[in-house]
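*Asks:* give me the fold of what follows.
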Amino acid sequence: MPVTYLIKFQVVPERRGEFLELLEGVLDAMRNEPMFHEAILHRDSTSENHFMLYETWQSHQDVLDVQLHRSYRQAWHDALPRVLQQERDITIWEPMRSDRKQL
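*Replies:* Numbering: from 1, shown residues only. Sure thing, here's the model as predicted:
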C-alpha cells in the first residue's frame, strides 16, 4: 500500500541555497526509482526558510530498507545537521482517497 511522508524543514537562513541544491539532487535522483510515486516541495508563504515536502512511495518498508540507504542521499543526510535549525518534523500518512482535475 502506498505511503506518504509529510516532512517539514526549518532551514538556517544562511544555508538556504545549500539546502535547496542538495534536496534538488535527491529529488531528481529518486524520481527514477521504481517504487516512487511523487514528491511536491512547498515553501511557507510567510517564511522563505520553512519548507514542506510531500513525498509518496509504494512501500514504507522499501523506503526503510532500500531508499534511505541510496548513495545519492548520503551528502543530503550528512548536511542536515548543518543546514537545519532543528530536526525535521516527519509524519507518515496512508492514502484514503485521491482526486485530481482531469486535463
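*Asks:* tell me the centre residue of this protein?
*Replies:* The centroid of the chain falls nearest to residue 53 when counting by Cα atoms, centre = their mean (4.6 Å).
*Asks:* so after the lengthiest helix in the chain, what's the next helix or strand?
*Replies:* Identified as the longest helix of the chain according to DSSP state H is helix 16-30. Going down the chain from helix 16-30, the next helix or strand is strand 36-43, by DSSP states H and E.
*Asks:* buried ones in stretch 74-93?
*Replies:* Using 16 or more other Cβ atoms under 10 Å as the test for burial, stretch 74-93 gives 76, 79, 83, 84. Every residue, glycine included, has its C-beta placed from N, CA and C.
*Asks:* can you give me the buried ones in the longest helix of the chain?
*Replies:* Judged by neighbour count (16+ other Cβ under 10 Å), helix 16-30 contains these buried residues: 19, 22, 23, 26, 27, 30.
*Asks:* looking at the buried residues of stretch 74-93, which one is closest to residue 37?
*Replies:* Nearest to residue 37 out of these is residue 76 (Cβ to Cβ; 19.6 Å).
*Asks:* check contacts around the closest one.
*Replies:* Applying Cβ atoms under 8 Å, 6 or more residues apart in numbering, we find residue 76 in contact with 22, 23, 25, 26.
*Asks:* quick check: closest non-adjacent residue to the last one.
*Replies:* Counting by Cβ to Cβ, 6 or more residues apart in numbering, residue 76 is the residue found nearest to residue 26 once chain neighbours are left out, at 4.9 Å.
*Asks:* what's the neighbour count on residue 9?
*Replies:* A count of neighbours around residue 9, defined by other Cβ atoms under 10 Å, yields 23.
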